[in-house]
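# Quick one, fold the following:
(one chain, ligands or ions: 1)
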Amino acid sequence: LSEFRFIVVGSGFFGAAMAERIATILREPVLVLERRHHLGGNSYSVPDPETGIEIHPYGSHLFHTSSDAVWQWIGRFSRFTHYRHRVFTRYRGRTYTMPINLMTLNTLFGLDLTPEQARGFLAGEAAREPYPDPANLEEKAISLVGRRLYEAFIKGYTAKQWETDPRELPADVITRLPVRLNYNDFYFNDIYEGLPVDGYHAIFDRIFANSLIHAVTNCDFFDVRALLRPDAIVIYTGPIDRYFDYCCGRLSWRTLDFQIERPPVADWQGTAVVNYAEQDVPFTRIHEFRHLHPERRYRCDRTVIMREYSRFATATDEPYYPVNTPADRRIYDQYAALAAQETQVVFGGRLGTYRYLDMHQAIGAALKAFEREVMPLVVPA
Ligand code: FDA
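Okay, here's the model as predicted:
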């Protein structure tokens with residue numbers, strides 16, 4: 001351990017991109033420490049041992065970006081399929097396309113509106129129950145799209161995702177609700193989108209195959225920290241409150257429980273992700289992974305589905321989404337001030353900066369942080 005000057009804590013996309021930059025640009029050996037039994041963080045995917053279907057154990061991960069720099073960087077480690085993501089929502093025994101678009105409106109209300117008519121229709125829906133000064137998320141949503149759309153697609157889903165009645169959530173959680181007045185039901189609008197041809201695990205295998213990168217799994221940084229050399233430069237992508245031993249308090253997180261099933265059918269739900277909008281259905285969505293790779297020839301006698309449940313994280317749960325209450329922001333600001341005093345440590349990634357980041361954002365942030373924060377530590381100005 002003491003031979004490495006560069007230590008990366010965490011092997012998700014932020015840590016992986018950092019390690020790759022240090023090895024490729026600086027040509028320095030770098031040690032990557034990963035607490036879990038595999039590399040790749042939450043973006044990891046792996047063929048299911050029972051069916052061969054590529055599964056995403058931490059929820060479906062769709063790669064999309066409009067950044068040329070990020071697309072070029074990841075393109076060095078994989079080709080991508082032309083998969084474009086669509087999401088459907090179940091509500092009262094029927095299936096609707098998401099985000100709310102002209103097809104969703106016409107199906108829910110049994111209409112055949114044109115885009116212009118839909119604009120007037122939506123304005124009418126919102127005008128039925130106006131809230132000029134909305135006091136909470138429910139009033140805000142109704143003031144934007146009206147009660148009927150709110151109750152169908154927002155109320156139950158939001159309540160489940162946050163375990164909180166939308167009347168108790170602040171109005172500023174939403175500034176706008178994406179309603180498309182056309183039939184575009186592609187979930188993302190980025191320039192580049194697709195899935196790695198041979199899975200995310202292959203991307204991480206290729207990144208970590210660099211002979212200057214030494215990756216160790218099942219290793220918690222805090223168990224070996226004392227063994228580091230004193231001048232080590234640490235890129236830390238774990239939870240920022242843990243780094244400072246929770247001295248300013250614990251940040252709050254949402255966690256997810258995943259339940260995998262392998263029904264003996266060729267196709268269980270006809271698409272990769274279906275949301276469940278009703279509050280009395282305990283899970284928020286079901287993933288069916290075979291649909292992420294329609295180009296592959298999977299077996300037809302079984303499929304893999306995964307139900308996703310959302311709840312507040314306890315101290316021992318995996319943190320997934322920052323809750324980000326005003327109290328959390330105050331705590332985070334204190335940690336950020338402490339982090340700024342650490343001259344040999346770069347904090348990054350979703351856990352290290354207490355921010356939700358998509359994969360392309362984590363990679364983009366790492367590429368920038370390498371230039372702005374790591375390079376100045378090694379190359380004198
Ligand atoms: P990430 O969490 O991936 O990696 C951090 C790593 O650090 C983990 O492996 C952890 O074990 C390790 N670690 C922490 N503490 C440690 C310690 N003390 N010692 C050693 N190791 C330690 N994005 C997207 O672009 N498209 C999508 O479709 C989705 N979908 C999606 C679904 C769900 C359910 C979630 C929760 C997230 C997504 N994402 C996503 C976001 C995506 O997961 C995210 O962008 C990346 O995981 C961010 O990479 P990081 O490296 O920041 O963290």
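# So which bits of the stretch 51-200 of the chain are right by the ligand?
Proximity of the stretch 51-200 of the chain to the ligand is assessed by C-beta under 6 Å from any ligand atom, with 58-62 identified as the residues in range. To be clear about C-beta, it is placed using only N, CA and C from the backbone, and glycine gets the same treatment.
# residues from the stretch 201-350 of the chain in reach of the ligand?
Going by C-beta under 6 Å from any ligand atom, the residues of the stretch 201-350 of the chain near the ligand are 220-222, 237-238, 256, 320, 349-350.
# of all these, which comes closest to Pro264?
If you rank those by distance to Pro264 using C-beta to C-beta, Leu256 comes first, at 26.1 Å.
# For the stretch 1-150 of the chain, which segments count as helices?
For the stretch 1-150 of the chain, helices defined by DSSP state H, counting those that start in this stretch occupy the ranges 13-21, 68-75, 102-109, 115-127, 137-145, 147-149.
# per-residue pLDDT, the residue of the stretch 251-381 of the chain found nearest the ligand?
For the stretch 251-381 of the chain, the residue closest to the ligand is Gly349, as judged by C-beta to the nearest ligand atom, at 2.7 Å. pLDDT, the model's per-residue confidence, is 98 for Gly349.
# Show me the helices in the stretch 151-300 of the chain, by range?
Assignment of helices within the stretch 151-300 of the chain using DSSP H, counting those that start in this stretch yields the ranges 155-162, 200-208, 221-224, 240-243.
# quick one: the third one to chain centroid distance?
Same thing as helix 221-224. Centroid displacement of helix 221-224 relative to its chain, using C-alpha atoms, centre = their mean, to the nearest Å, is 26 Å.
# so for that helix, what's the average pLDDT?
97.
# What of the first one?
Here the mean pLDDT over helix 155-162 is 91, rounded to a whole number.
# what's the nearest residue to Phe186 if we skip its chain neighbours?
Leaving aside its chain neighbours, Phe186 sits nearest to Arg84 (5.3 Å; criterion: C-beta to C-beta, 6 or more residues apart in numbering).
# ChimeraX command to pick out the buried ones of the residues of the stretch 51-200 of the chain next to the ligand?
Isolation of the buried members of those (16 or more other C-beta atoms under 10 Å) is achieved in ChimeraX through the command below:
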select :58,60,61,62
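# Give me the subset of the residues of the stretch 51-200 of the chain next to the ligand that lies in strands.
Among those, no member falls in strands (DSSP state E).
# mind giving me JSON lines with the residues of the stretch 51-200 of the chain next to the ligand and columns for pLDDT?
Written out in JSON lines, the entries for those read as follows (pLDDT from 0 to 100):
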{"residue": "Tyr58", "pLDDT": "97"}
{"residue": "Gly59", "pLDDT": "97"}
{"residue": "Ser60", "pLDDT": "97"}
{"residue": "His61", "pLDDT": "98"}
{"residue": "Leu62", "pLDDT": "98"}
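# That concludes my questions; thank you for your assistance.
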